[in-house]
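# Here's a sequence, model it:
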Amino acid sequence: CTMSSTGGRLFKRVHLLRHGQAMHNPRAEAAREADPPCSFDEFLRLMKEDDAFDAELTELGREQGKRAAALPLAAQVDASVQLVVSSPLSRALDTAKLVLPTATAKGKVAFVAHDDLRERSGWLLNAKRRPRAELAAKFPGCDFETNLPTEDDTLWTDELETEESTAERGYRFLCWLARRPEMDVAVVAHGGLFHYMLNSLRPRVVASDAASRRFVNTELRSMSMVWTGDGGGDDASSKPAEGENVHTVFKLDVL
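As a prediction, the model looks like this:
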């Protein structure tokens, strides 16, 4: 195992990357960044009006990816990272390939998709993934077999996934990542998923203010991830009652 240990705690370098602008983002993102910002309900309404199945990157989103790839941090991560894990939604996969071209070209051992990294699911078609076979044909260098448990999307429903359920998927992913041998990992996913994973799981996940702030499109944020425990407790039934100890506790801070 290549994981480092610091005073009995285990350590990895984790680089979180949010996807570039996608078809459902422009109006909703602009409204959220206005002064004053729109309400969350208005944000969802605008995304619903501009919704598209497995929403692709816009031309601006692709340009954002190219610009991000030219930054020193991205070049450093691209050269050193041992594993790239991406949401199986096309906008995340395309962003991974644009920003981390060398790392994602290493093949299925080093570039994998994980269902738990998907954006908050349900109601919006942009959160619905393609079948595994279609994804494999579209992104032949990525492993879609190991961590996508079903051929078709069984997570998506007509109802919007709860914030709690989205956060639990984030915790489950962190437990999976803790059990991986790689100590330098890039994770490519979505602003909502990152928000709930880093802000809604205390005391199991404690992220600093700098680590947990909102991600902008194609932002690459490097952080340390330390934890106690063995990466167990990665299902919803493991959620502790108030006052109980938890099996695996994660702390994240920017590097």
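
# A strand includes residue 206, no?
Yes - with DSSP: H, G, I helix; E, B strand; the rest coil as the criterion, residue 206 is part of a strand.

# Just confirm residue 138 contacts residue 90, I think it does.
Yes - assessed by C-beta atoms under 8 Å, residue 138 is found in contact with residue 90 at 7.2 Å. Bear in mind the C-beta positions are built from the backbone N, C-alpha and C, glycine included.

# If you count surrounding residues, which of the two has more?
Just comparing residue 138 and residue 90: by other C-beta atoms under 10 Å the higher neighbour count belongs to residue 90, 22 against 14.

# hmm, back to that, residues shared between the contacts of residue 138 and residue 90?
Both residue 138 and residue 90 are in contact with residue 130, where contact means C-beta atoms under 8 Å, 6 or more residues apart in numbering.

# Run through the bridge partners of the residue nearest the centre of the chain.
Geometric centre of the chain, nearest residue: residue 189, 2.9 Å, by C-alpha atoms, centre = their mean. Bridge pairing for residue 189 (DSSP bridges) gives the partners residue 18.

# and it, what does it touch?
Counting by C-beta under 8 Å, 6+ apart, residue 189 touches 16-19, 86-87, 92, 117-119.

# Redo these as a markdown table? Include distance to residue 175.
Formatted as a markdown table, the contacts of residue 189 follow (distance: C-beta to C-beta, whole Å):
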| residue | distance to residue 175 |
| --- | --- |
| 16 | 16 |
| 17 | 20 |
| 18 | 22 |
| 19 | 23 |
| 86 | 18 |
| 87 | 17 |
| 92 | 20 |
| 117 | 13 |
| 118 | 17 |
| 119 | 20 |
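
# quick one: which of these has the most company?
residue 19 (31 neighbours).

# pretty sure that residue is touching residue 217, no?
Yes - with contact defined as C-beta under 8 Å, residue 19 reaches residue 217; the gap is 7.0 Å.

# anything in contact with each of these two?
Here residue 19 and residue 217 share the contacting residues residue 61, scored by C-beta under 8 Å, 6+ apart.

# can you give me the strands for the stretch 151-255 of the chain?
Secondary structure of the stretch 151-255 of the chain, counting by DSSP state E, counting those that start in this stretch: strands at 184-189, 205-207, 220-228, 249-254.

# Going by neighbour count, which residues in the longest one are buried?
Pointing back at strand 220-228 there. Within strand 220-228, the residues scored as buried using 16 or more other C-beta atoms under 10 Å are 220-227.

# longest helix anywhere in this protein?
Criterion DSSP state H: the longest helix present in the chain is helix 163-179.

# residues near residue 177, how many?
Neighbour count for residue 177, taken as other C-beta under 10 Å: 22.

# So what sits opposite the closest residue to it other than its chain neighbours in the bridge?
Counting by C-beta to C-beta, 6 or more residues apart in numbering, residue 185 is the residue found nearest to residue 177 once chain neighbours are left out, at 6.5 Å. Per DSSP bridges, the residues bridged to residue 185 are residue 14, residue 83.

# Show me the shaky parts of the stretch 101-250 of the chain.
For the stretch 101-250 of the chain, the stretches flagged by pLDDT under 70 are 231-246.

# What are the boundaries of the helices in it?
Along the stretch 101-250 of the chain, the stretches classed as helices by DSSP state H, counting those that start in this stretch are 101-104, 132-138, 163-179, 191-199, 209-212.

# orientation of the third one relative to strand 220-228 in degrees?
Taking axes from the mean of the first three to the mean of the last three C-alpha atoms, to 10 degrees, helix 163-179 and strand 220-228 form an angle of 80 degrees between their directions.

# List the contacts of helix 163-179.
10, 12, 14, 85, 114, 116-118, 120-121, 147, 185, 187, 192-194, 196-198, 200-201, 204-205, 225, 227, 229-236, 239, 248, 250.
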